[in-house]
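Enquirer: Generate a structure from the sequence data that follows.
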Amino acid sequence: NRPIDCAPKKATFHSKNHVNMAEAPKPEAADQQQQQPAAAAPKRAGYASVKPEFVVKRAPVEKEANENDDAAEAAGVTRPSSSQSEGKRKRGQNKNRKATMVKRSGVRLCPSVVAGRPCSYGEACRFSHDTAAFAAEKEPDVPGQCPFATATQACKFGITCRRAGTHPPLQTASATSVGDDAAAAAADAADAAAAENHHQAEDNTLHSELQVKLRRKDYPTPWATLYLERLMALAKETDAVAAAREVGSTNSIAAQAAAFVLQEKERARRPADLPAAAAEAAEATEATEATDATATPTAELPASAKSIGPVIADRAPREKKKVDFRNKLYLAPLTTVGNLPFRRVCKRLGADITCGEMAMASNLLQGQKSEWALVRRHESEDIFGVQVCGNKEELLTRCTEMLSNEIDVDFIDLNVGCPIDLVFNAGAGSALMGRKKRFEAIVRGMAAVSDTAVTVKLRTGVLSSKRTAKETIAQLKDWGVQLITLHGRSREQRYSKLADWDYISQCAHAAEPLPLYGNGDIMSMTDVLEHEGTGVSGYMLARGALIKPWAFTEIKERRHWDISAPERFELLRDYANFGLEHWGSDTQGLEKTRRFMLEWMSFLHRYVPVGLLEQLPQRMNDRSPQFVGRNDLETMLASPDSRDWVKISEMLLGPSPPSFDFVPKHKANAYDANQG
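Expert: Predicted coordinates for the structure are as follows:
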């Protein structure tokens, strides 16, 4: 916790692109006296205009390849074939990187011993009960306060916590004097309150009972079943609906099926209006359960929907939640780097809306813990959504109904923008823009079965030469969504070139009165001011938030923030604390926090401080020349060498494991090949 010395001093960095401030070129004294103020040189297209005194003059280096920021929307890419160009092979993920494994201690403590309770297996336990042996091998504690331990609440990681030295002695009832009932009661109440606070900090966990139902495919989704059966029945009536097959028509098959579900849900909200057959069924149920005064009778669905069984009483439809999406800043769902600790950092800096990382609908329905971790919500996320991806109406409608019932969420977003080959080739993501009938069936079904707002994120189209978003958005208005977010690039562009905000403006007007958010190259207050006349209802920040999370503050306060290196370092300290609270304060949780922090730093280092620029602002796709900062910490934070990022993580999380070598998952440079 010692303060970071930010004064210029001699230091060694791994990056050859940076030197010490003491070694930075300075003008001669005579030249300083004769030098007259001059107008700033014209900004070179595609380059950040760093002041000459901070630029490092070195021999020209080979031009970097055009690399894509695929981290902004999805996790995987297909391995390129040998026939692809070298430039293509350098895009996207670092597929050949080595896995970073956390070395386990030789002594593996019993979980019961760690939790401070007797082990039910006794001597037959396959884990060790020798805490002294574990303590002898345990790695040293790291700086900072344990996020779990309080005076009345023990840390759940016990002796394995890497901040165990900060655990205070517990003040429980046993520590009070005999007969001091008031003190004992107060301690018990404090214990309960502390436990409740820890429980409430994060929500949307996968409970074992729900996981078992999902794995056995026993989870009931009656409204999704009703929609799918109605959809299939209407599709078979080819003669009757032949004239109504045009996509987007108010009389299309999907529209009729969705309208039928909404009608039945409305009837279920008003039992008095149920058909006579349903009323008789309710009376019969009530008669058989007369001995149970608390029993709630269930009513059958109408005859056309009897195949899905009775409506479950505790799953009765609710009024759809309305969300005010006007005039807000939205942190985009970001795979790998858009985790809960990062979202907490952005919430503190001014983000209004947050969304979990993209989750595959099929994996959620299978009860996979790793996928369910993506829908976790922190209590600070007051407007929070989850993003799902899939290629079939059956998967997405069932997943939507299940999420709407089981988790605390303000909206469910459908990903129709992911450009990654692995997703696109499966017919999901941006591929849905070319499959309009299925797209309509998915969106209408999700909106019909969900009691939560449904939103859609999409791109301008699949091909740059054939943009289809405007026509699609005009139809989406009638499909039941509450918000559209448009990324101003096509699937073909991925993250190259600049986002087309003129086209975003056209789509915003086509979407009225439905709110539409613009996304693409937003990184500063200036970017927002330039797009204020486009008609969008709000702005989504993706890569701009990764490079400069304080952009939310700049936009809201209408200023350029020359944030200092110590202030940026404190953001990393916050992230470290949030990470230990989320992933755990033992060695495994600490190293997971380190890995995700380093993934974030693969974007964060691209920031050029405001005080170093001749012309503001720094643009998303601007290259920055090799430069030094105003102190060693600022220089180190700008280093593109991952070994320097590891050094920074060690200031916060202690020494990294032996032979630790970090290679970022995503190659985070996205410069236009036609620039410079």
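
Enquirer: per-residue pLDDT, Gln482?
Expert: Looking at Gln482, its pLDDT stands at 96.

Enquirer: Was I right to think it contacts Lys321?
Expert: No: if you go by Cβ atoms under 8 Å, Gln482 and Lys321 don't touch, sitting 9.2 Å apart. (C-beta placed from N, C-alpha, C; glycine too.)

Enquirer: check which helix or strand covers Gly367.
Expert: Here Gly367, judged by DSSP states H and E, is contained in no helix and no strand.

Enquirer: Mutual contacts of Gln482 and Lys321, please.
Expert: When contacts are counted by Cβ atoms under 8 Å, 6 or more residues apart in numbering, Gln482 and Lys321 are jointly contacted by Phe411, Ala453.

Enquirer: Comparing these two, which residue is more hemmed in?
Expert: Gln482 (19 against 14; other Cβ atoms under 10 Å).

Enquirer: ok, now which ones touch the more buried one?
Expert: Gln482 is in contact with Lys322, Val323, Phe325, Phe411, Ala453, Val454, Thr455, Leu514, Pro515, counting by Cβ under 8 Å, 6+ apart.

Enquirer: Any of those buried? List them.
Expert: For the contacts of Gln482, a neighbour count by 16 or more other Cβ atoms under 10 Å gives the buried set as Val323, Phe325, Phe411, Ala453, Val454, Thr455, Leu514, Pro515.

Enquirer: tell me the least confident of these?
Expert: For these, the pLDDT minimum is Val323, 90.

Enquirer: need the contact list for that one.
Expert: Ile383, Asp410, Phe411, Ala453, Gln482, Leu483.

Enquirer: any idea how far it lies from Gln211?
Expert: 29 Å (Cβ to Cβ, to the nearest Å).

Enquirer: a markdown table for the contacts of Val323, including distance to Arg459 and secondary structure?
Expert: Formatted as a markdown table, the contacts of Val323 follow (distance: Cβ to Cβ, whole Å; DSSP: H, G, I helix; E, B strand; the rest coil):
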| residue | distance to Arg459 | secondary structure |
| --- | --- | --- |
| Ile383 | 23 | strand |
| Asp410 | 24 | coil |
| Phe411 | 19 | strand |
| Ala453 | 21 | strand |
| Gln482 | 20 | coil |
| Leu483 | 16 | strand |
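
Enquirer: ok, the residues you listed vs Thr354, which is closest?
Expert: Among these, Ile383 lies closest to Thr354 (Cβ to Cβ), at 7.2 Å.

Enquirer: what's near enough to touch the closest one?
Expert: Here Ile383 is in contact with Val323, Lys328, Asp352, Ile353, Thr354, Asp410 (Cβ under 8 Å, 6+ apart).

Enquirer: just checking, Pro140 touches Gly654?
Expert: Yes: using Cβ under 8 Å, Pro140 makes contact with Gly654 at a distance of 6.8 Å.

Enquirer: any low-confidence regions in the stretch 1-150 of the chain?
Expert: 1-45, 58-105 (pLDDT under 70).

Enquirer: switch the cut-off to 50
Expert: 1-39, 59-68, 71, 75-91 (pLDDT under 50).

Enquirer: Kindly confirm my reading that Ala255 is in a strand.
Expert: No: assignment of Ala255 by DSSP: H, G, I helix; E, B strand; the rest coil gives helix, placing it outside any strand.

Enquirer: ok, how many other residues are close to it?
Expert: Every residue meeting other Cβ under 10 Å relative to Ala255 is counted, giving 22.

Enquirer: And Lys477, by the same measure?
Expert: So Lys477, with other Cβ under 10 Å, has 15 neighbours.

Enquirer: Over to Ala124?
Expert: 7.

Enquirer: sorry, back to before: which of the contacts of Ile383 sits closest to Ala426?
Expert: Using Cβ to Cβ, the contacts of Ile383 come closest to Ala426 at Thr354, 26.8 Å.

Enquirer: Please, where are all the strands along the chain?
Expert: Secondary structure of the chain (DSSP state E): strands at 202-203, 329-331, 353-355, 359-360, 377-378, 383-389, 411-416, 453-459, 483-487, 516-519, 538-541.

Enquirer: Which of these comes out lowest on mean pLDDT?
Expert: When I compare the strands of the chain, strand 202-203 is least confident, with a mean of 92.

Enquirer: so what strands line up beside that one?
Expert: Using DSSP bridges, the strands paired with strand 202-203 in its sheet are strand 377-378 (antiparallel).

Enquirer: chain center to the partner strand: distance?
Expert: 11 Å (Cα atoms, centre = their mean, to the nearest Å).

Enquirer: Not counting it itself, show me its contacts.
Expert: 201-204, 340, 343-344, 347, 356, 384, 407-409.

Enquirer: repeat that with 7 Å
Expert: The contact list for strand 377-378, computed with Cβ atoms under 7 Å, 6 or more residues apart in numbering, reads Ala201, Glu202, Asp203, Asn204, Leu340, Arg343, Arg344, Phe384, Asp408.

Enquirer: Between all of those, which two are separated the most?
Expert: Longest span within the contacts of strand 377-378, Cβ to Cβ: Arg344 and Asp408, 16.4 Å.

Enquirer: Looking at these two, which has the bigger crowd around it?
Expert: Arg344 (23 against 12).

Enquirer: Just give the nearest non-adjacent residue to the more buried one, would you?
Expert: Excluding its sequence neighbours, the residue lying closest to Arg344 (Cβ to Cβ, 6 or more residues apart in numbering) is Phe578, at 4.9 Å.
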